[in-house]
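[1] Sequence plus the predicted model coming up.
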Amino acid sequence: MAQMTLSRFLIEEQRDKNVISHDLRLLIEVVSRACKAISIAIGKGSLAGVLGSAGSDNIQGEVQKKLDVISNEILLDANEWGGHLAGMASEEMELPHVIPNRYPKGEYLLLFDPLDGSSNIDVNVSVGTIFSVLQCPEGMEPGEQAFLQPGARQVCAGYAVYGPTTLLVLTLGDGVNVFTLDREYGRFVMTQENVRIPEDTREFAINASNARYWEPPVKRYVDEMLAGKDGPRGEDFNMRWVASMVADVHRILSRGGIFMYPIDSKTRAQGGKLRIMYEANPMAFIVEQAGGAATDGRRRILDIQPEKLHQRVPVILGSKNEVERLASYHAA
Ligand code: P6P
């Protein structure tokens, strides 16, 4: 039986199920090819002189790694001529990228964090690319305003994780599928279909060095897990924190867990740590499509109406029952 490649999957989603349009299929194919190119660039590391800082800061005031800039360029160059996009927005660019007039324009808006977790690049820990697709509102110019839509309006979201293998995880709004890059043929092959996140878990992910800044509900929730069998949860828990959202989320998609980057006294002024448009929203869409939940502690992430393109938001996502438990502590 012929392998279910990403191309075949997308053709069948378009032709047989009418889940996606021709242009959206093209968009996803182009993004997947860009992720392949990023995977190759990352894999060369020091050998290609692509590690270390680019000597510039991004809109977030964060030092840009050479690979942040390279990955951003790869995604822009791959997408701008295809005729499927009205515009693009990236963590690495202050303003949306307007499609040059010499190219045709399409109906979709593509948002991405080209290389999430890039602080891990120089220490050879898994990083990833996160992307989200919206439709440009009818008759609206693809400026910042056109992008400011709640995550529930996404038509597609996905991420590539560059780890021992390069994986592409994708949702079109009808479940989550995982594709593994077959480097020999240079194509993505489906290796997990309709992924489901276990509703319960014994594993949590949080940067515990921020404990003194946490709000009471988060402090209570984490302390109960640290108390283990003899505590109120009556179970022992494990902790993981890769400090690369894509790696942490992929572990949770694979075996359950709860990921927390909650609001705290250190990040309150800026609204949180993670960005809503190209980190929280795509990951929340994927997690919900796999039977998990995603909240900012008080609101469903996908319901939040963004005010700014680079807006930050608290993120609690993963195994449904644990996310709901922590949300209930916030409501208490
Ligand atoms: P901290 C990476 O910089 C990132 O945006 C996410 O990928 C990751 O989850 C988080 O920040 C790590 O933050 O404060 O633990 O370094």
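    Yep, it's here.

[2] Arg255 - how many residues pack around it?
    12 (other CB atoms under 10 Å). C-beta coordinates here come from the backbone N, C-alpha and C atoms, glycine included.

[3] That one contacts Asp200, doesn't it?
    No: between Arg255 and Asp200 no contact is recorded; they are 11.5 Å apart, counting by CB atoms under 8 Å.

[4] Do you know the pLDDT at the residue nearest to Ile263 when sequence neighbours are not counted?
    In space, not counting the residues next to it along the chain, Ile263 is nearest to Pro314; the distance is 4.1 Å by CB to CB, 6 or more residues apart in numbering. Model confidence at Pro314, expressed as pLDDT, equals 98.

[5] One more: Gly106?
    We have a pLDDT of 96 for Gly106.

[6] Next one: the closest residue to it other than its chain neighbours relative to Lys229, how far apart?
    Nearest non-adjacent residue to Gly106, counting by CB to CB, 6+ apart: His84, 3.9 Å away. Distance of His84 to Lys229, computed by CB to CB, to the nearest Å: 54 Å.

[7] Among those two, which residue is more densely surrounded?
    His84 (24 against 9).

[8] Which residue ranges of the stretch 201-332 of the chain form helices?
    216-227, 245-255, 281-289, 320-331 (DSSP state H, counting those that start in this stretch).

[9] So which of those is the most surrounded?
    Here the criterion is mean neighbour count by mean count of other CB atoms under 10 Å, and of the helices of the stretch 201-332 of the chain the winner is helix 281-289, at a mean of 27.

[10] about what we covered before: the residue nearest to Gly106 contacts Leu24, doesn't it?
    Yes: look at His84 against Leu24 with CB under 8 Å: they come within range, at 7.4 Å.

[11] Overlap in contacts, those two.
    Common neighbours of His84 and Leu24, using CB atoms under 8 Å, 6 or more residues apart in numbering, are Tyr108.

[12] Now do the same contact list for Gly82.
    Gly82 neighbours (CB under 8 Å, 6+ apart): 26-27, 30, 103, 106.

[13] Next, find the distance separating it from Met88.
    Relative to Met88, and taking CB to CB, Gly82 is found at 11 Å.

[14] got the buried residues for the worst-scoring helix or strand of the chain on mean pLDDT?
    Across the helices and strands of the chain, mean confidence by mean pLDDT, DSSP states H and E is lowest for strand 63-65: a mean of 82. Within strand 63-65, the residues that qualify as buried are 64-65, counting by 16 or more other CB atoms under 10 Å.

[15] Now do it: everything it contacts.
    Here strand 63-65 has contacts from 51-54, 56-58, 92, 115, 118-119, 121-122, using CB under 8 Å, 6+ apart.

[16] Would you mind trimming the residues you listed to those in range of the ligand?
    Taking CB under 6 Å from any ligand atom as the test, the ligand is in contact with Ser119 out of those.

[17] need the residues of the stretch 1-150 of the chain near the ligand, please.
    Residues of the stretch 1-150 of the chain lying close to the ligand by CB under 6 Å from any ligand atom are 116-117, 119.
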